[in-house]
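[1] Structure, please.
(chains A, B, C and D)
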Number of protein chains: 2
Amino acid sequence: MEAQELKGHLDALILAVLAREPLHGYAVIEALKARSGGRLALPEGTVYPALHRLEAGGLLSSEWSTASGRRRRVYRITRRGERELGVRRDRWRAFSTTIDAVLA
Amino acid sequence: MEAQELKGHLDALILAVLAREPLHGYAVIEALKARSGGRLALPEGTVYPALHRLEAGGLLSSEWSTASGRRRRVYRITRRGERELGVRRDRWRAFSTTIDAVLA
DNA sequence: AACCGAGGTATAGCATCGCTAGGTATGGAG
DNA sequence: CTCCATACCTAGCGATGCTATACCTCGGTT
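    Now for the predicted structure:
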């Protein structure tokens, strides 16, 4: 549905779903799909690198878990990640309001 | 204020201000600043290439005008540009709604 | 005269980052 | 055994906003 217009907002989305509960990558994709009413169908090549980036930035932590022979890397939001989510949410609201004002 | 989070939405903003009245590049920058309450202070290196891109895509047309020794390139939205603006507005609304849903 | 800020246009190159395309592997259903 | 869903990974592409820099005119200040 949407292309590169997601730029700069993906991190907030991922942090938001992980703020509810720890999930592994594939489940993050499903959660985004579910929470958006199917409109956000992000490819793995988008989400996995984003998770790595967020973990490298200290906003997520992860550990391997094995469920019925399948290895999964489960991501959990850190305290810094939660703070950052707050910042991102505010930024999104400001941004969205600004665009609305100009487009109205 | 905002960085690269504008990605994919700039064209809509420019089309929106030019849908009101034809403007030259510098005036587009000022109009965006005014309409956003000063929050959108876009550098020239962002806006000028965008105008060129939009004209190349047939969404804008332009002509030179000279006012008191100063040359200006005045941009005007085309019929295709107006249609595209409608599409972009719808897309923005869908996008914005989707992000809100996930972030809520 | 020299300077400087505001107005005005332009573009080469950088940086970011979502996405495409391809790869690997397991388990269950047909 | 084949197929599909599940599950992970990454090299490289493409799009595009931004930095930095350049060039020009005009009016006011020094």
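[2] Point out the residues in chain A that sit beside DNA strand C.
    Residues of chain A lying close to DNA strand C (C-beta under 7 Å from any atom of the strand) are A:2-4, A:6-11, A:42-46, A:49-50, A:68-70. Every residue, glycine included, has its C-beta placed from N, CA and C.
[3] Just the buried ones among those, please.
    By the neighbour-count criterion of 16 or more other C-beta atoms under 10 Å in any protein chain shown, the residues of chain A next to DNA strand C include these buried positions: A:6, A:8-11, A:42, A:50.
[4] now, which of those residues lie within helices?
    In this view, these that belong to helices under DSSP state H are A:10-11, A:50.
[5] From these, pick the one nearest residue A:33.
    Residue A:33 lies nearest to residue A:10 out of those, by C-beta to C-beta, at 13.9 Å.
[6] Return the distance of the helix or strand bottoming out on mean pLDDT in chain A from the chain's centre.
    Lowest by mean pLDDT, DSSP states H and E among the helices and strands of chain A is strand A:60-67, with a mean of 93. Relative to its chain's centre, strand A:60-67 lies at 16 Å (C-alpha atoms, centre = their mean, to the nearest Å).
[7] helix, strand or coil for residue A:71?
    Here residue A:71 takes the strand state, with states given by DSSP: H, G, I helix; E, B strand; the rest coil.
[8] Just give the number of residues close to it.
    Neighbour count for residue A:71, taken as other C-beta atoms under 10 Å in any protein chain shown: 9.
[9] Check the one 5 residues further on too.
    The tally of other residues near residue A:76 (other C-beta under 10 Å) stands at 15.
[10] Next, the residue lying closest to it once chain neighbours are set aside: phi, psi?
    Of all residues not flanking residue A:76 in the chain, residue A:22 sits nearest, at 4.1 Å (C-beta to C-beta, 6 or more residues apart in numbering or on different chains). Backbone torsions of residue A:22, given as degrees, to the nearest 10, read phi -70, psi 140.
[11] wait, residue A:22 sits on residue A:73?
    No - here residue A:22 does not reach residue A:73: they are 10.6 Å apart, not a contact under C-beta atoms under 8 Å.
[12] Now do the strands in chain A.
    Taking DSSP state E, the strands of chain A run over residues A:23-24, A:60-67, A:70-77.
[13] Single out the most deeply packed of those strands.
    Compared across the strands of chain A, strand A:23-24 shows the largest average neighbour count, a mean of 19 (mean count of other C-beta atoms under 10 Å in any protein chain shown).
[14] Before I go, just wanted to say thanks for your time.
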